[in-house]
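Asker: One predicted model, sequence on top.
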Amino acid sequence: MNISRIAVLTLGLLAGASAGAENRASVPSPADGRVTFDYQIYFGGLNVMQLGVDVGMSPDAYDVTARVQTVGFAGFVAPWKSVATSEGNIDAGRIEPRQHRVSGEYRGNTRTTAIDFDDNGEVAAVALHPPPGQGPNDQVPEALRRGAIDPPSALFALTRLMAQDGRCEGRMRVFDGRRRYDVVLGDRGRETLAANDYSAYHGTAIRCDFQFEPIVSEYVAQPDHKRRFRSGRAWFAEIVPGRPVVPVRLEIDGDYAQTLVHLSELPRTLAASR
């Protein structure tokens, strides 16, 4: 099981419903309260990770913080934790990312990403630790970064689109600092999710199938990674009135087993608890 690979995809999909940046001076503070979503992540039937997503949104700004860590036996044999943050502006309905930060630690080794965007929403600066290598698949050319946004901002834009027309479809250009990939979306209509012991949500949801298409990636040149965790299904529902729909269940296909993600608790309004 590749913990970091699963986490990258999970964060990219779920943090899009929400990362709170450490420096918010450039973005207006969301004024309508904050909400936290809690998820549990299962691989091969085992609970391997937990994820908390903190969302803030106002009419002209958004920010999202996603915190994930391994738990149980996975936390013992593969201790891993990460915090991903994104923030940006909302201009006439258009998402304009401002900055994206990721800080992760795996078995004592730290890995960080910092992406800053210019006033047009284009990538302006990237800082990576450890730095990328010199191979053809280690760095993303500047030309391929154009028009791409960070994973949380991409999914934030998707949830707003789904809230407007109730559909999930299209292609999103994504850049996470080390990988450039497209996410191809396919709407599968509404389905009724049955209650179970893992998920806090049951009821009607929009099913959205997705396919990752690597453009430039450290995984592209490695045959054993070509098929792993490249497709799946997500179910979105409106569980906080007046806010965009959010993922309530997620299935990511793998070579050996599926990764399952469940909303484990109904969202908490942080403003009410302070």
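Answerer: Nice, I can see it.
Asker: Tell me what the residue lying closest to residue 230 once chain neighbours are set aside is bridged to.
Answerer: Closest residue to residue 230 apart from its sequence neighbours, by Cβ to Cβ, 6 or more residues apart in numbering: residue 212 at 4.9 Å. C-beta: built from backbone N, CA, C; applies to glycine. Going by DSSP bridges, residue 212 is paired in beta bridges with residue 183.
Asker: Compute the distance between residue 212 and residue 172, please.
Answerer: Using Cβ to Cβ, to the nearest Å, we find residue 212 at a distance of 10 Å from residue 172.
Asker: Identify the contacts common to these two.
Answerer: Common neighbours of residue 212 and residue 172, counting by Cβ atoms under 8 Å, 6 or more residues apart in numbering, are 182, 183.
Asker: still on that earlier bit, count the neighbours of the residue nearest to residue 230 for me.
Answerer: 19 (other Cβ atoms under 10 Å).
Asker: And the pLDDT at it?
Answerer: Here the pLDDT value assigned to residue 212 is 84.
Asker: Flag the helix or strand of the chain with the lowest per-element mean pLDDT.
Answerer: In the chain, no helix or strand scores lower on mean pLDDT, DSSP states H and E than helix 270-273, which sits at a mean of 41.
Asker: list the contacts for residue 129?
Answerer: By Cβ under 8 Å, 6+ apart, the contact set of residue 129 is 110, 111, 112.
Asker: Switch the residues you listed over to TSV; also include distance to residue 120, pLDDT and secondary structure.
Answerer: Listed next are the contacts of residue 129 as TSV, based on distance: Cβ to Cβ, whole Å; pLDDT from 0 to 100; DSSP: H, G, I helix; E, B strand; the rest coil:
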residue	distance to residue 120	pLDDT	secondary structure
110	31	94	strand
111	28	92	strand
112	25	94	strand
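Asker: Show me which of the residues you listed is closest to residue 186.
Answerer: Nearest to residue 186 among the contacts of residue 129, counting by Cβ to Cβ, is residue 111 at 31.7 Å.
Asker: From residue 260, how far off is the closest one?
Answerer: Applying Cβ to Cβ to residue 111 and residue 260 gives a distance of 25 Å.
Asker: and if you look at residue 198?
Answerer: 8 Å.
Asker: residues shared between the contacts of these two?
Answerer: Common neighbours of residue 198 and residue 260 (Cβ under 8 Å, 6+ apart) are residue 42.
Asker: what about the two, which has more around it?
Answerer: The residue with more neighbours, out of residue 198 and residue 260, is residue 260; 19 against 14, by other Cβ under 10 Å.
Asker: ok, the more buried one touching residue 254?
Answerer: No: the pair residue 260 and residue 254 does not pass the contact test of Cβ atoms under 8 Å, sitting 10.7 Å apart.
Asker: where do the contact lists of those two overlap?
Answerer: residue 43.
Asker: returning to what we had before: okay if I get the contacts of residue 129 as JSON lines plus distance to residue 100 and neighbour count?
Answerer: Converted to JSON lines, those look like this (distance: Cβ to Cβ, whole Å; neighbours: other Cβ atoms under 10 Å):
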{"residue": "110", "distance to residue 100": "17", "neighbour count": "10"}
{"residue": "111", "distance to residue 100": "14", "neighbour count": "16"}
{"residue": "112", "distance to residue 100": "11", "neighbour count": "15"}
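Asker: from the residues you listed, which single one is nearest residue 46?
Answerer: Among these, and counting by Cβ to Cβ, the member closest to residue 46 is residue 111, at 24.0 Å.
Asker: The closest residue to that closest one other than its chain neighbours: helix or strand, and which one exactly?
Answerer: Excluding its sequence neighbours, the residue lying closest to residue 111 (Cβ to Cβ, 6+ apart) is residue 104, at 4.7 Å. Element membership for residue 104 (DSSP states H and E) is strand 94-106.
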